[in-house]
Structure formats: C-alpha cells, structure tokens
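Colleague: The sequence isn't on hand, but the structure is:
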C-alpha cells in the first residue's frame, strides 16, 4: 500500500518489540502501516541508516545491549519523528517533554501509545528541527559528569576522584569500583546508574558487567568472531570482552 506509514523499531527485547507491534495494530488499521525491521543494537541501526532511507516513524528504546540509544546521535541524527520507550526516571522524561519529543513509559499503556501516535500524525517532518535533538542530548546528559564518588571504607567514608577510578565491575550481583592502585569499594548503585553519571569520552560500557576508563587500558588483542579482548589496570589478568557488535564503536571511542 503506497500510503502505509513505515515504522522502524530499535529494541533489544523480543517480547517488548512484539508487544509494541501488537499495541500499534490495536490502535491503527494494520493495513495502514508496516514495520520495516526490528533492530537490537546501535551498530545495527547505524548500518541500517547507511543503506536504507529513513522510516516515517522511529521507535527507540533507551537502554540497548551495546549502549544508550542517544549514542546513535553522535554518529547519525535521524530527521524522522522519534518515539522513545523508557523505564528511566522522571528527569529523563521531563527532558523529552521540554524538547518536544514523544516518550512512552514501560510497560506500555494503550492510552499513552495512542496519545503519542496522535501527536505523530498531527505534526509534519518540517517541525522537527535538528537543534531539538541536540538539545535533548545535552539536557539528558546534565548535570555534568561526576568528579568524585563517595564510598564506604570500613566504618568511615572516603571520597574517590573519578580520575583515579580504573573501572566499575559487577561481581556476584554487587557493583564494585576499582582504583588504579588496586583498591576496591562496593557501591550501592546499578551499573546503569553509574554509566549515566560518567563522562562518555573517558568511560566506556564494555559489556553488561564492566565500565572501563580509557587510560586504564594496557593492551587490546583480537579475539575469535571479530571480538576484542582488553587488558586493563589494575588487574591485567582480567579479560574484558568487547563483542563483535560493539568492536567498531569501541575503536571509534578510543580515537576520540
């Protein structure tokens, strides 16, 4: 059908992607739209936009397997309308509202989705300004990256400058901070929360367990299936695996 609305979905959870498509079908005539593809990673999205025309509407989850979806905008800025899906804090949601972009809270509610789809239908592409997307990115990354982390050291507390932190690692379901001196301190936060507090030019989410500081890297080796193995301070014996999907992004980050 020539007038079908072309939809692209960026979501790394199969069940969430299926639920979204079913919800759209409940609200729109299934013949009125087509889902072009469901992409699971930022790298897959970059490859898609390199070879295909932009869709009419883009759904984007915020937390993906290879990073935050906002990272996409550093390499490519879609001109099409975007509806974000998120389970993040009210702070992020307010940023979306201020910058005139749509958002949906997970789990998705039909009423919220209908409101977002109605707004999409009532606005033209010309109303989407590049400056709004960049403003959203800056707003979401505010306040500035943390300069210190307050940790417990026995019965006292200690302030660790971010510059002295080599990596953050999940060990037995707990999050630990490791300094270049080899000190370890447990944090009462999730890795996702810490990631949002760090300078992305200095720290990189290597995988689901580790965030690594650039200057902690000692050596990078090629691994099978186009993966990478990173050795880093303070423990060179630790093997930090960079997946095939993230290897290109990781190498790009190293050069910044």
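Modeller: Okay, I see it. None of the values given here were measured: they were computed from a predicted structure. Numbers count the residues shown, from 1 in each chain.
Colleague: Name the residue closest to the centre of the protein, please.
Modeller: residue 68 (0.8 Å; CA atoms, centre = their mean).
Colleague: Excluding chain neighbours, what is closest to that one?
Modeller: Spatial nearest neighbour of residue 68, excluding adjacent residues (CB to CB, 6 or more residues apart in numbering): residue 62 at 6.3 Å. Glycine gets a C-beta too; all of them are placed from N, C-alpha and C.
Colleague: Next: residue 75.
Modeller: Distances taken as CB to CB, 6+ apart place residue 46 nearest to residue 75, at 5.9 Å, with adjacent residues excluded.
Colleague: Look up phi and psi at that neighbour.
Modeller: phi -60, psi -40 (degrees, to the nearest 10).
Colleague: just so I have it, where are all the strands in the stretch 101-250 of the chain?
Modeller: With DSSP state E, counting those that start in this stretch applied, the stretch 101-250 of the chain shows strands at 102-105, 148-153, 156-161, 165-171, 174-179, 184-187, 203-205, 210-213, 217-222, 228-232, 240-242, listed in chain order.
Colleague: Switch those strands over to CSV; also include distance to residue 19, mean pLDDT and mean neighbour count.
Modeller: Listed next are these as CSV, based on distance: least, CB to CB, whole Å; pLDDT from 0 to 100; neighbours: other CB atoms under 10 Å:
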stretch, distance to residue 19, mean pLDDT, mean neighbour count
strand 102-105, 11, 76, 19
strand 148-153, 37, 92, 14
strand 156-161, 41, 93, 11
strand 165-171, 28, 96, 20
strand 174-179, 30, 96, 18
strand 184-187, 33, 94, 15
strand 203-205, 26, 96, 23
strand 210-213, 30, 96, 22
strand 217-222, 39, 95, 12
strand 228-232, 34, 96, 19
strand 240-242, 31, 94, 19
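Colleague: Redo those as a markdown table? Include distance to residue 122.
Modeller: Below are the strands of the stretch 101-250 of the chain laid out as a markdown table (distance: least, CB to CB, whole Å):
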| stretch | distance to residue 122 |
| --- | --- |
| strand 102-105 | 11 |
| strand 148-153 | 45 |
| strand 156-161 | 49 |
| strand 165-171 | 43 |
| strand 174-179 | 43 |
| strand 184-187 | 45 |
| strand 203-205 | 37 |
| strand 210-213 | 41 |
| strand 217-222 | 49 |
| strand 228-232 | 46 |
| strand 240-242 | 43 |
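Colleague: No further questions, thank you.
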